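[1] What shape does this take:
(one chain, ligands or ions: 4)
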Amino acid sequence: MSHDIHSEKILILDFGSQVTQLIARRVREQSVYCEIHPYNISLARIKEYAPKGIILSGGPSSVYDKDAPHSDAGVFDLGIPVLGICYGMQLMTHQLGGRVERSHKREYGRAMMDLDDTGDLFSGFAAKAEVWMSHGDRIEEMPKGFHAIAHTEHCPAAAMKDEKRRFYGVQFHPEVVHTPRGEEMLGNFLFTVCGCQPTWTMASFIESAVAEIRAKVGSGKVICALSGGVDSSVVAVLIHRALGDQLQCIFVNNGLLRKGEAERVVNLFRSHFRINLDYVDAADRFLDRLAGVTDPEKKRKIIGNEFIFLFEEEAAKLGAVDYLAQGTLYPDVIESVSTKGPSAVIKSHHNVGGLPEKMNLKLLEPVRELFKDEVRLLGKELGMPDEVIWRQPFPGPGLAIRCIGEVTRERLDILREADAIVLDEIRKAGLYREIWQSFAVILPVRTVGVMGDARTYDYTVALRAVNSTDGMTADWVKLPYEVLGAISSRIINEVKGVNRVVYDISQKPPATIEWE
Ligand SMILES: Nc1ncnc2c1ncn2[C@@H]1O[C@H](COP(=O)(O)OP(=O)(O)OP(=O)(O)O)[C@@H](O)[C@H]1O
Ligand SMILES: O=c1[nH]c(=O)c2[nH+]cn([C@@H]3O[C@H](COP(=O)(O)O)[C@@H](O)[C@H]3O)c2[nH]1
Ligand SMILES: NC(=O)CC[C@H](N)C(=O)O
Ligand SMILES: [Mg+2]
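    Ligands and ions are numbered 1, 2, ... in the order given. Have a look, this model is predicted:
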């Protein structure tokens with residue numbers, strides 16, 4: 001999807017750096033739109049994009065390696081400013097006739113840099129700047145037309161420029177927070193060198209997205225699978241703004257939702273936003289099919305398939321539908337340049353993304369250019385309440401994968417009550433937003449306890465609270481003992497059927513966030 005407002009954009013060519021996404025973040029934070037593309041994007045495509053500037057990311061390779069990734073050298077003939085970061089700077093050097101070699105003094109981490117030229121890129125800077133380095137190669141000879149604009153003890157060309165051609169290279173990483181004024185440096189590149197205007201805001205995004213959705217859908221009908229989570233909720237409200245009653249949302253109660261969740265979602269979308277919402281109470285269907293199943297993958301498959309059946313049925317009832325709306329985000333669509341090879345299936349994540357092939361619907365993905373926190377900003381701009389925007393992620397298979405062993409109505413009820421207490425206490429402690437996910441898990445283990453002088457033989461509940469930036473890796477949260485204590489005693493006292501609470505202190509990897 002390309003919005004008019006994106007007429008001014010920066011292209012980032014990715015050479016496989018761990019932090020390429022951060023370059024995009026730092027650019028967008030300054031209200032300039034940018035996109036990440038693989039390093040081998042064709043020159044023709046680049047020309048179509050007509051970027052105001054190009055940034056070459058870092059990467060793990062060395063330019064002199066046999067299979068080192070190279071961009072089309074035509075990038076340097078477009079008359080467009082180029083900023084090379086680390087590997088990007090080395091590649092620029094290599095491709096423009098300079099020399100890069102393995103350095104005997106590698107630099108990793110914090111370094112003090114002396115600035116030799118405080119023009120353009122370093123405008124507003126003093127004579128020294130703290131930067132973050134991560135390289136083992138260095139520029140031995142700059143290409144013709146370049147001169148060094150900064151150096152460190154071990155790196156004579158820590159930054160260089162050819163201001164005539166508007167080519168810049170930095171050996172350090174301005175995109176990471178450990179380079180304190182890195183964002184300002186990137187800003188100098190964007191505004192002073194490339195001449196960008198800071199016009200890309202959420203308000204402008206809404207305006208152009210609405211126009212585009214209208215143009216695309218015309219008088220057609222759109223359905224949206226709504227989970228009540230951040231992504232699908234924001235997408236629904238955005239599309240509703242564009243199309244009003246042409247949008248039909250479908251929200252499924254699969255019997256695996258948290259306490260009060262169904263009422264909250266129905267109420268918010270029907271009463272508050274006045275969005276057409278088809279509420280499908282399919283709890284019995286899901287739970288009947290899950291009866292007797294204990295294998296995690298089987299549970300996931302059953303739930304995923306049931307979702308697809310249901311959506312097909314509901315869509316058939318609605319008659320002609322042209323589009324299926326989805327909350328696909330930018331991290332899902334960035335083509336990664338690393339060749340990962342076939343990877344092991346750890347869990348089959350259920351996503352209604354499996355639908356379109358089966359249903360023959362065109363896709364409408366209006367936030368596919370945004371990062372999660374930008375989607376939150378968008379939600380705010382659309383007037384959505386904080387409780388939706390800041391909701392912790394909740395998996396599609398819901399409580400089924402937190403109910404270890406067989407999923408029964410009785411055990412789900414226990415889990416729902418325990419989970420509500422966890423969230424309540426986490427909120428009271430003011431920790432809800434800063435924790436990625438916090439929840440309860442019910443184990444198929446019963447242990448002996450004593451309550452009121454009588455013997456109990458009840459279930460164990462495990463608490464899980466993790467921090468993560470993308471769900472790929474996670475660390476357990478060092479919850480204060482008082483919070484853990486309050487949760488534990490409330491669950492044991494208030495939830496019948498539980499007499500023991502334990503805290504999960506494992507990291508991902510090797511554990512995962514959910515237990516199944
Ligand atoms: N109970 C449900 N009813 C209808 N659609 C659902 C339901 N659960 C999940 N979905 C669909 O599956 C998609 C994937 O879920 P996912 O959890 O990844 O995203 P989300 O719920 O929108 O946001 P978040 O990541 O914040 O939970 C949802 O966007 C939604 O379209
Ligand atoms: O939409 C989803 N459908 C799923 O099937 C699913 N399984 C796990 N999750 C969420 O993904 C993140 C990583 O979870 P794991 O470490 O358990 O794999 C965590 O945020 C999990 O909550 C899911 N989300
Ligand atoms: N972070 C990077 O881009 C590293 C580039 C190159 N491999 C070096 O070590 O110098
Ligand atoms: Mg969700």
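[2] My read is that Cys224 contacts Ala236, right?
    Yes - contact criterion Cβ atoms under 8 Å: Cys224 and Ala236 qualify, at 5.0 Å. C-betas here are computed from N, CA, C, even on glycine.
[3] Tell me, how many residues neighbour whichever residue of the stretch 101-250 of the chain sits closest to ligand 1?
    Nearest residue of the stretch 101-250 of the chain to ligand 1 (Cβ to the nearest ligand atom) works out as Gly229 at 2.2 Å. A count of nearby residues for Gly229, using other Cβ atoms under 10 Å, gives 17.
[4] what does the model give the residue of the chain positioned farthest from its centre for pLDDT?
    Most distant from the centre of the chain: Asp453, at 50.6 Å, with distances by Cα atoms, centre = their mean. Looking at Asp453, its pLDDT stands at 89.
[5] okay, now the closest residue to Pro81 other than its chain neighbours: neighbour count?
    Closest residue in space to Pro81, ignoring its immediate chain neighbours: Arg166 at 3.8 Å, by Cβ to Cβ, 6 or more residues apart in numbering. Arg166 has 18 neighbouring residues, counting by other Cβ under 10 Å.
[6] So what's the residue count around the closest residue to ligand 4 within the stretch 1-150 of the chain?
    Residue nearest to ligand 4 within the stretch 1-150 of the chain: Gln21 (21.4 Å; Cβ to the ion). Around Gln21 there are 20 other residues, counting by other Cβ under 10 Å.
[7] can you check the one 3 residues further on too?
    Number of residues near Ala24 (other Cβ under 10 Å) recorded here: 22.
[8] which SS class is it?
    helix (DSSP: H, G, I helix; E, B strand; the rest coil).
[9] quick one: it and Tyr33, what's the gap?
    10 Å (Cβ to Cβ, to the nearest Å).
[10] With Gly195 instead?
    14 Å.
[11] out of those two, which sits in the more crowded spot?
    Tyr33 (23 against 12).
[12] Surely that one touches Ile10?
    Yes - counting by Cβ under 8 Å, Ile10 is a contact partner of Tyr33 at 7.3 Å.
[13] Enumerate every residue touching the residue farthest from the centre of the chain.
    Neighbour list for Asp453: empty [criterion: Cβ atoms under 8 Å, 6 or more residues apart in numbering].
[14] Once you drop chain neighbours, what's closest to the residue of the stretch 251-400 of the chain found nearest ligand 4?
    For the stretch 251-400 of the chain, the residue closest to ligand 4 is Phe394, as judged by Cβ to the ion, at 4.6 Å. Distances taken as Cβ to Cβ, 6+ apart put Gly229 closest to Phe394, at 5.9 Å, once the chain neighbours are dropped.
[15] For that neighbour, grab phi and psi.
    phi -80, psi 170 (degrees, to the nearest 10).
[16] Now do it against Phe251, distance only.
    On the measure of Cβ to Cβ, Gly229 and Phe251 end up 11 Å apart.
[17] ok but Asp114 is inside a strand, no?
    Yes - Asp114 sits within a strand when classified using three-state DSSP.
[18] From ligand 2, how far off is it?
    44 Å (Cβ to the nearest ligand atom, to the nearest Å).
[19] so what's Arg368 scoring on pLDDT?
    So Arg368 comes in at 91 (pLDDT).
[20] Next up, identify which helix or strand it is on.
    Using DSSP states H and E, Arg368 sits in no helix or strand.
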